[in-house]
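[1] The sequence and its predicted three-dimensional model are supplied below.
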Amino acid sequence: MHPLVNILLQPVIAALMLVVALALWELGTAAGERLLALPRLVAAGDAAEVERLGRRRIQRVDVITRIGPMLGLMGTLIPLGPGLAALGRGELDILATAMSVAFDTTVLGLLAGIVGFVLGRARRLWYERALEHIEAAAPAGERA
C-alpha cells in the first residue's frame, strides 16, 4: 500500500498548486467584481442575474475553501510515512525533506482555505447588499 500512496504525492502537490493559483485568481476576480461588475449589475437592476452570478461565484470559492485544506492534509500525511521510516534508519536528511514537504503543503492548503473562506463571506455580503439595493430601487408594484 505504501508505494501506491507515495505515487499520490506528486499529483496531490500539483492539485494543491492549482487550487492555490485558483484562490489567487479569485482574489483578482473579486476585486474587479466588487469595484466594477456589481455596481453595473445594481444599476441595471437585474436581480435574477445578480442571484445567478452570485451563486456561481460563491460556489467556486466554497470549493476552494473545502478542497485546499484537504489537499494540504494529504500532502502532510503522505511524506510522513517515508520520513518516519527514514528516522528509524537514522537518515535524518530524508526525514528533514519529508517534514519540509509536509509543513509546506499544510501551509498552502490552509492559505487556499482561508482565501476561499474570506472571499465566500465577502461575496455573500456583497450580493445580499446588491439585491437589497435592487429591491429598494424597484417601483412598489414590482417588489415581491
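    Nice, I can see it.

[2] Just the mean pLDDT for the host helix or strand of D62, thanks.
    Assigned by DSSP states H and E, D62 falls within helix 47-89. The pLDDT scores in helix 47-89 average 95.

[3] any idea which helix or strand comes after it?
    Assigned by DSSP H and E, the successor of helix 47-89 is helix 92-137.

[4] which helices and strands sit right next to that next one?
    helix 9-32, helix 38-44, helix 47-89 (3 or more C-beta pairs under 8 Å, 6 or more residues apart in numbering; DSSP states H and E). The way it works is simple: take the backbone N, C-alpha and C, and place the C-beta from them, glycine included.

[5] Buried residues in stretch 8-21, which are they?
    Going by neighbour count (16 or more other C-beta atoms under 10 Å), the buried part of stretch 8-21 is 9, 12-13, 15-16, 19-20.

[6] on that earlier part again, from the chain's centre, how far out is the helix holding D62? Work that out for me.
    7 Å (C-alpha atoms, centre = their mean, to the nearest Å).

[7] Please apply the same query to stretch 93-110.
    Distance, centroid of stretch 93-110 to centroid of chain: 20 Å (C-alpha atoms, centre = their mean).
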